[in-house]
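J.: model this:
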Amino acid sequence: MSVKKPAPRHFLDLDLIDAATLRRIIDAAHEMKRNGKRVPENLRPRSIADDVLVMIFEKPSTRTRISFDVAMRQLGGQSIVLNHMDLQLGRGESAIDTARVISRYIDIIMVRANSHDTLRELAKYATVPVVNGLTDRTHPCQVMADILTFEEHLGPIKGRTVAWIGDGNNVAASWMHAAVRFGFTLNVACPKELAPHADVTEWVKREKGQVQIMHDPVAAATGADCVVTDTWVSMGDKDADRRKALLKPFSVDAALMAQAAKNAIFMHCLPAYRGHEVTEQVLEGPQSVVFDEAENRLHAQKAILAWCLGAF
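T.: As a prediction, this is how the structure comes out:
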């Protein structure tokens, strides 16, 4: 008689995971970073030497690809990298069948998908954990790295204020989820035409989160502990000129940073386009922590993988 396997621990979106668990993952990431390349035994999955991570990329990547690959190796496991043309998924095979087949070979899946629906289908039919490496709707691993970075520089994020300036995009959506789960205030300043998806704002309201949607970047940044922005044109966007025109008043410059708290930090998930969403002066200035933030993708994702694989 076969033993029924427990449901896999997916890491799909921050709103789908309780606050206590997310806190444990962040605390584990802090500990892993302090410990360097050697993962503490209490945070290392028991079977990791035999575990394989497969990474599926429908979109190109620098930080996501390298940081997940290195994270799995530092945990003691192995990884395989595939782009969409390496798979029958890129030639019309369904995500449903892909999930069923891959689950027979490996132990955990990370997907960087064009569509959030692909992520959901993979997670629904996979019998191993699935991690959201980015979709058109959310980017939770990035924001976990951002929380880690904030706390390294400014201490616990609970009760603090973060200002998101720019497009109400996938990263903004995950910041909104994080504001509820980690208990901080988030001011989202964006053009009306590029506001966050209604389903995210409605979820925040139901959860009574401290998230304000506004259209004045100065009001959003005033007194904030952290100012965050992102590129104005993401991969797949076909309205670049329109987006740039709408977002021009939302560029983060020294004058805007001066409205934030005295010790405020600046974050950007990269790649950055100097002179557009952020000036050279801010990106390279003393308040910028963007390269700490990029490094912390490794540590946050190492903790996420360990949690998915049952280490804690």
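J.: distance-wise, check Lys205 relative to Asp15.
T.: Applying C-beta to C-beta, to the nearest Å, the value for Lys205 to Asp15 is 13 Å. Heads up, the C-betas are built off the backbone N, CA and C, glycines and all.
J.: got it, and Asn296?
T.: Asn296 sits at a distance of 21 Å from Asp15 (criterion: C-beta to C-beta).
J.: which positions in stretch 189-203 come out as buried?
T.: For stretch 189-203, the neighbour count (16 or more other C-beta atoms under 10 Å) marks Ala189, Cys190, Pro191, Leu194, Ala195, Pro196, His197, Val200, Thr201, Trp203 as buried.
J.: tell me the two of these that are most distant?
T.: Largest separation among those by C-beta to C-beta: Pro191 and Trp203, giving 21.6 Å.
J.: just checking, what's the longest helix in the protein?
T.: helix 290-308 (DSSP state H).
J.: other SSEs contacting that helix?
T.: helix 19-35, helix 63-75, strand 130-134, helix 140-154, strand 265-268 (3 or more C-beta pairs under 8 Å, 6 or more residues apart in numbering; DSSP states H and E).
J.: show me which positions of it end up buried.
T.: Quick answer for helix 290-308 (16+ other C-beta under 10 Å): 290, 293-308.
J.: how about the strands in the protein?
T.: For the chain, the strands defined by DSSP state E occupy 52-57, 78-83, 108-112, 130-134, 161-165, 185-189, 211-214, 226-229, 265-268.
J.: any idea how far the last one is from the chain center?
T.: Computed by C-alpha atoms, centre = their mean, to the nearest Å, the separation of strand 265-268 from the middle of its chain amounts to 15 Å.
J.: packing partners of it?
T.: If you count contacts as 3+ C-beta pairs under 8 Å, 6+ apart, strand 265-268 packs onto helix 140-154, strand 226-229, helix 280-283, helix 290-308.
J.: between the last one and strand 52-57, how many degrees?
T.: Meaning helix 290-308. Interaxial angle, helix 290-308 versus strand 52-57 (axes from the mean of the first three to the mean of the last three C-alpha atoms, to 10 degrees): 130 degrees.
J.: do the first one as well
T.: Using the same axes, to 10 degrees, the interaxial angle of helix 140-154 with respect to strand 52-57 works out to 100 degrees.
J.: can you mark which positions in helix 140-154 are buried?
T.: Residues of helix 140-154 classed as buried: 140-154 (neighbour count, 16+ other C-beta under 10 Å).
J.: in terms of secondary structure, what does it contact?
T.: Counting by 3+ C-beta pairs under 8 Å, 6+ apart, helix 140-154 packs on helix 19-35, strand 130-134, helix 170-182, strand 226-229, strand 265-268, helix 290-308.
J.: same question, the third one
T.: Secondary structure elements in contact with helix 280-283, counted by 3+ C-beta pairs under 8 Å, 6+ apart, are helix 254-257, strand 265-268.
J.: in CSV: those, plus distance to Trp232, mean pLDDT and mean neighbour count.
T.: Listed next are the helices and strands packed on helix 280-283 as CSV, based on distance: least, C-beta to C-beta, whole Å; pLDDT from 0 to 100; neighbours: other C-beta atoms under 10 Å:
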stretch, distance to Trp232, mean pLDDT, mean neighbour count
helix 254-257, 15, 98, 17
strand 265-268, 12, 98, 24
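J.: out of these, which gets nearest to Ala20?
T.: Distance to Ala20, taken as C-beta to C-beta, is lowest for strand 265-268 among the helices and strands packed on helix 280-283, at 24.8 Å.
J.: quick one, grab the pLDDT at Glu93.
T.: According to the prediction, Glu93 has pLDDT 82.
J.: how about the nearest residue to it, chain neighbours excluded?
T.: Nearest residue to Glu93 in three dimensions, chain neighbours excluded: Leu87, at 7.3 Å (C-beta to C-beta, 6 or more residues apart in numbering).
J.: now the one you found. Its backbone dihedrals?
T.: Dihedral pair for Leu87: phi -120, psi 150, per degrees, to the nearest 10.
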